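Student: sequence and computational prediction follow.
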Amino acid sequence: MKKKGVEAYFLPIILLAIVGFFIVLYFLVSFDLTGYSEDEVCKLSILSRATSPDAAKGVVPIQCTTKKLCLTKDGDCRKNFAGEKPEVVKLSSDENGAIKQISKASADAMLDCWKMMGEGKLDLFGGLKQELGFEQGRPACVICSRIAVDNSVVVETLNKIDINEYMRTSNVEGLGINYISALTEGGAVSYAKTNPIEQKNAFEKFEEGKTKIELSGTKEPNREMAIVFMQFKPASVDDVLTNMAGIGGTVAGATFLSPIGLLARPVIANPIGGGLALIGVGTIVGYGMYNAYYGQLAAAGYCGKFATSGKDPIEGCSMVQGINYNVRDINAVCPQIQGNP
Amino acid sequence: MSTDTGEPIMRNMNSKAELIDNVLGLIIAAIGLGLFFLAVGKFIGNFADQDLKNAGNILDSIVGKIDNLNDGEVGRFPIKGLDGWFFVGWSKGDASRPDKCFFDSCLCICKGEPVRASYSGERFDERRNVCQKDGICRKASKDNVKIIGVEAISYIKMPENIAELEINKTKFELIMKKNE
């Protein structure tokens, strides 16, 4: 009886263990990312990154592939995407229709990028070296999308595109709120009115940095824009928000929206050196954003505590922005880029 | 051995149960650990070859841009970098090209150090070995390929962000360099 009792106790456990083993093994063997869409793989990798301990973040790569969108009337995307596989969006022959399509594609790409990256609240680029103080936090980026408008769209049409205005006046499909509100979690529904004097001051402040200000001298607009997600860890997130407010941006809690106007553009904190610096503003404004469809696309961001798996919340800033897709502008903002080309 | 009260038998039974319990615990722990490592391996394995895939995509994009150029045209293209990798090319007549180029001129993106420096400061060309082992190559559309690098052993180091690649396609050769 006693022996039987022992068997009766252990047998179900052994059976359960074996069955459990095969069930888990089945799921492990059948786990394959190739069956997932690019967006799903990206989300999975972002969540894996964000929930990994800092030391392990380096071995969990960000698996977000840059979306390539070609907006065209006649379907020739070779100039921008030769050797690549872009999604081709056929534009309406009607000018207003084409303008709306281009604005919507750009605004959607910006919002998608922001949502995909956890609305900037996830710590995606922390690393062991940084933790141990071997390396100061450098801004890191993911290029979510590249959007090109091909030569079939005339410059006069490009000049009429105002993505900022589209984001203010149009609602996001299925959400019932405008893009600005969706980007700032309801913190803003419109842009701040910028004060030209403040703009001038901000620009002069930048000039004091002895960085060469080079406004766009090109006669032809850059027809390709990148929607870039950037994250950095400044010495103080409050300083960034204060500075953002100082140049006329909308700051609502931890979210911010850059002002739109003539020249003043978002402030990017330069964590290297510890202080705030208006790095690359001239470059971004004059050459990048100012020239991106001539549109001066606004930037939305978050500065605050990141959601983290660790005990101590880490503070940082994240931002999503449209930047001209060229080496000079992208590299001015992004010392390192992660994700798939 | 046994007494009338049967205590040693009970003790024997108890120790047997304890032994089974322990062995069972060990087996379950081993299975659990095995599954954990399998899961971690599977997860990392899904990501591990991503760099190679990215290298292939970058190289395909470069080849596509070359093909899109007419003879006599010069194109400048932003190309996403790949940290720890370099870009290199070999002409058809170059005997030092990797075997994976077969009998053609080729362009390759390879992982590692293209140049090995000895203690005496002598520099050895490692491009062929590195590319043969950890590289991805594509046939070039021209027989002659010239990569203009910063040193005698020419290659283009891929950056962490993006690089502007200048491609000069002539009737007989491809000349490529990275614009700073």
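Tutor: Noted; the coordinates are in hand. Numbers count the residues shown, from 1 in each chain, chains lettered A, B, ... in the order given.
Student: tell me which residue of chain B lies closest to chain A.
Tutor: residue B:64 (1.7 Å; C-beta to the nearest C-beta). From N, CA and C alone the C-beta is placed, and that goes for glycine too.
Student: need the contact list for that residue.
Tutor: A:82-84 (C-beta atoms under 8 Å, 6 or more residues apart in numbering or on different chains).
Student: so which of those also contact chain B?
Tutor: Filtering the contacts of residue B:64 for proximity to chain B by C-beta under 8 Å from any C-beta of the partner chain leaves A:82-84.
Student: now tabulate those residues in TSV and tack on neighbour count, secondary structure and pLDDT.
Tutor: Listed next are those as TSV, based on neighbours: other C-beta atoms under 10 Å in any protein chain shown; DSSP: H, G, I helix; E, B strand; the rest coil; pLDDT from 0 to 100:
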residue	neighbour count	secondary structure	pLDDT
A:82	19	coil	88
A:83	18	coil	89
A:84	19	coil	92
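Student: which residue is nearest the middle of chain B?
Tutor: In chain B, the residue lying closest to the centroid (C-alpha atoms, centre = their mean) is residue B:52, at 4.6 Å.
Student: okay, buried residues for the strand or helix carrying it please.
Tutor: Residue B:52 belongs to helix B:50-68 when assigned by DSSP states H and E. The neighbour-count check on helix B:50-68 (16 or more other C-beta atoms under 10 Å in any protein chain shown) flags B:50-52, B:54-55, B:57-66, B:68 as buried.
Student: contacting residues for the residue in chain A that chain B sits nearest to?
Tutor: Closest residue of chain A to chain B, C-beta to the nearest C-beta: residue A:83 (1.7 Å). By C-beta under 8 Å, 6+ apart, the contact list for residue A:83 reads B:60-65, B:67-68.
Student: which residue packs closest to it, ignoring adjacent ones?
Tutor: Nearest residue to residue A:83 in three dimensions, chain neighbours excluded: residue B:64, at 1.7 Å (C-beta to C-beta, 6 or more residues apart in numbering or on different chains).
Student: which ones are touching residue 104?
Tutor: Since you didn't name a chain, this refers to chain A. Going by C-beta under 8 Å, 6+ apart, residue A:104 touches A:166, A:170.
Student: that's the other chain; I wanted chain B
Tutor: B:92, B:139-140.
Student: again with residue B:62
Tutor: By C-beta under 8 Å, 6+ apart, the contact list for residue B:62 reads A:83, B:77, B:79, B:87, B:107, B:165, B:167.
Student: bridged to the fifth one, which residues?
Tutor: What it means is residue B:107. residue B:89, residue B:138 (DSSP bridges).
Student: again, but for the second one
Tutor: Beta bridges link residue B:77 to residue B:165 when assigned by DSSP bridges.
Student: would you map the helices across the chain?
Tutor: No chain was given, so I picked chain A. A:2-30, A:38-51, A:78-81, A:95-116, A:128-131, A:155-159, A:163-169, A:179-183, A:196-208, A:237-246, A:281-282, A:327-333 (DSSP state H).
Student: switch to chain B, please.
Tutor: For chain B, applying DSSP H gives helices covering B:7-48, B:50-68, B:127-134.
Student: for those, give me TSV that also has mean pLDDT and distance to residue B:112.
Tutor: Below are those laid out as TSV (pLDDT from 0 to 100; distance: least, C-beta to C-beta, whole Å):
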stretch	mean pLDDT	distance to residue B:112
helix B:7-48	74	16
helix B:50-68	93	12
helix B:127-134	93	4
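Student: could you export those as TSV, including distance to residue A:307?
Tutor: Below are the helices of chain B laid out as TSV (distance: least, C-beta to C-beta, whole Å):
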stretch	distance to residue A:307
helix B:7-48	21
helix B:50-68	25
helix B:127-134	37
